[in-house]
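Asker: model the following, please.
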Amino acid sequence: MTAFWWDDGGAQFGIVHASCGKREPPTPGHRIKLSLTCPLIVTGSALVLVDTGIGNRLSEREQAIYTPERGEGLRGNLRALGFAPEDVTHVILSHLHFDQWVA
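Answerer: This is a model prediction of the structure:
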């Protein structure tokens, strides 16, 4: 389950060599497209969601900065796979940054 967001390339990777980003070039403001990938692990008795994405509670300023591209969002992606949010038995947060928002 994936969505995308944009951020400053230097903020993500430090000083980036000019040859980087040929496949997905940065914007004139040096912003790069980044993936919000939330793996879903399905076992016989558990549905484990690893990370929760960027959420839907960004302020107008944050939305302008990060320009999220959510598509169907976490709930919609779960539905597309035949699951409901309440089917998730475990959530693993790999890091505690703003993009870890539990629905």
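Asker: so what's V91 closest to, chain neighbours aside?
Answerer: Excluding the flanking residues, the one nearest V91 by Cβ to Cβ, 6 or more residues apart in numbering is L49, at 5.0 Å. (C-beta placed from N, C-alpha, C; glycine too.)
Asker: what residues are up against that neighbour?
Answerer: L49 is in contact with C38, P39, L40, I41, V88, H90, V91, I92, counting by Cβ atoms under 8 Å, 6 or more residues apart in numbering.
Asker: dihedrals phi and psi, R31?
Answerer: Dihedral pair for R31: phi -90, psi 140, per degrees, to the nearest 10.
Asker: any idea what L36 is bridged to?
Answerer: A3 (DSSP bridges).
Asker: okay but it is in contact with F4, surely?
Answerer: Yes - using Cβ atoms under 8 Å, L36 makes contact with F4 at a distance of 6.5 Å.
Asker: name the residues contacting each of these two.
Answerer: Listed as contacting both L36 and F4 by Cβ under 8 Å, 6+ apart are P68.
Asker: ok, back up a step: A strand includes the residue nearest to V91, no?
Answerer: Yes - assessed with DSSP: H, G, I helix; E, B strand; the rest coil, L49 lies in a strand.
Asker: got a pLDDT number for it?
Answerer: The model reports L49 with a pLDDT of 93.
Asker: state the distance from it to P28.
Answerer: The gap separating L49 from P28 is 36 Å, by Cβ to Cβ, to the nearest Å.
Asker: again with G10
Answerer: Taking Cβ to Cβ as the measure, G10 falls 14 Å from P28.
Asker: same check on G76?
Answerer: Here the criterion is Cβ to Cβ. By it, G76 lies 32 Å from P28.
Asker: more neighbours, these two?
Answerer: Neighbour count, other Cβ atoms under 10 Å: between G76 and P28, G76 has more, with 12 against 6.
Asker: having no further points to raise, I will conclude here.
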